[in-house]
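A.B. asks: Here is a sequence with its predicted model. Questions after.
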Amino acid sequence: WDYHMQRLQSGCERLGITSPDVCLLKQEALELIADRSEAVLKITVTRGISERGYKPDPYESPTRILALFDWDGPDSDTLKIAVSPRRLGHNSDLAGIKHLNRLEQVLARAACPEDVDEALMLDHRGHVIEGMMSNLFCQEGQRLYTPSLQRCGVAGVVRALILEIAKEQGEHIEKGDFMLQDILQADALYLTSSLAGLRFVSRISGYDWHARTADVHPLLKEAARRVFD
């Protein structure tokens, strides 16, 4: 909850939207959840109701939408993924924010083969950024690295948790620009998200790559434990 609220507040601030009161959101969320033990709570904040045109009304009141969906828990199966032909555009003003303009992901999903679970998305320079619905971590031996999200991509809360655990334990996770050939050198690939959890990639469609280790990195094991166990 705290990670999601921090990201929501940060996104609102960067987009110039008045952030909703976190205590009020929590109260509303608890009322909506009631006695449900497992579910997906989706919180959406919009700038509010306005007239036509792009200029925001400085007096408009933000709209908050809370919706609850059924959920069976994170899937533990390994993933078969592809590499999306769709590319992410650079926009440092929006990089990291989970905003409502998901057209790039919609087009990528439409172009994704039906027999794969996810797809890696590259930017127009060929750097691997993320999955369509997830963040990427790569393992070589005991080295962990993850793409930088300085120019595009969504900074997921599980990604933030993993980076914080690494800091707590004095471990280093390298953040940088990685080409597809760098990713194909990894011993193991993981895709992370709040709903899917931490998923182990088994193979990449169209590429001669398969996981070379079945031992999940200890940092990632600890993240999975904190989120879902």
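C.D. replies: Happy to help now that I have it. The shown structure was predicted, so the numbers you read here are calculated from the model rather than taken from an experiment.
A.B. asks: show me the biggest helix of the chain in terms of residues.
C.D. replies: For the chain, the helix that runs over the most residues, judged by DSSP state H, is helix 2-15.
A.B. asks: so how far is it from its chain's centroid?
C.D. replies: 14 Å (Cα atoms, centre = their mean, to the nearest Å).
A.B. asks: what does stretch 81-94 give?
C.D. replies: The answer for stretch 81-94 is 13 Å, by Cα atoms, centre = their mean.
A.B. asks: got the contact list for the residue nearest to the spatial centre of the chain?
C.D. replies: By Cα atoms, centre = their mean, the chain has its centre lying nearest to Gly156, at 3.5 Å. Gly156 sits next to Ser134, Asn135, Thr192, Ser193, Ser194 when contact means Cβ atoms under 8 Å, 6 or more residues apart in numbering. Any C-beta I mention is one placed from the backbone N, CA and C, and that applies to glycine too.
A.B. asks: Might you report the residue contacts of the last one?
C.D. replies: Contacts here follow Cβ under 8 Å, 6+ apart; on that basis Ser194 touches His4, Gly156, Val157, Val158, Val227.
A.B. asks: For the buried ones among those, write the corresponding PyMOL selection.
C.D. replies: In PyMOL, this line selects whichever of the contacts of Ser194 come out buried by 16 or more other Cβ atoms under 10 Å:
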select buried, resi 4+156+157+158+227
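A.B. asks: What about the nearest residue to His172 once chain neighbours are set aside, how many residues nearby?
C.D. replies: Closest residue to His172 apart from its sequence neighbours, by Cβ to Cβ, 6 or more residues apart in numbering: Ala166 at 6.8 Å. For Ala166, the count of nearby residues is 17 (other Cβ atoms under 10 Å).
A.B. asks: mind listing what Ala166 touches?
C.D. replies: Leu144, His172, Ile173, Leu219.
A.B. asks: ok, now Asp187?
C.D. replies: Gln139, Glu140, Gly141, Ala211, Arg212, Thr213.
A.B. asks: ok, it to Ala214 distance?
C.D. replies: To Ala214, Asp187 is 10 Å away according to Cβ to Cβ, to the nearest Å.
A.B. asks: In helices only, show me the contacts of Ser194.
C.D. replies: Using DSSP H, the contacts of Ser194 in helices are His4, Val157, Val158, Val227.
A.B. asks: While we're on the last one, how confident is the model there?
C.D. replies: The one in question is Val227. As predicted, Val227 sits at a pLDDT of 79.
A.B. asks: ok, now which ones touch it?
C.D. replies: Going by Cβ under 8 Å, 6+ apart, Val227 touches Val158, Leu161, Ser194, Gly197, Leu198.
A.B. asks: Now tabulate the residues you listed in a markdown table and tack on secondary structure.
C.D. replies: Output for those, formatted as a markdown table (DSSP: H, G, I helix; E, B strand; the rest coil):
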| residue | secondary structure |
| --- | --- |
| Val158 | helix |
| Leu161 | helix |
| Ser194 | coil |
| Gly197 | strand |
| Leu198 | strand |
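A.B. asks: circling back: of all the ones in helices among the contacts of Ser194, which two lie farthest apart?
C.D. replies: Maximum pairwise distance among the ones in helices among the contacts of Ser194 (Cβ to Cβ): 11.7 Å, between His4 and Val227.
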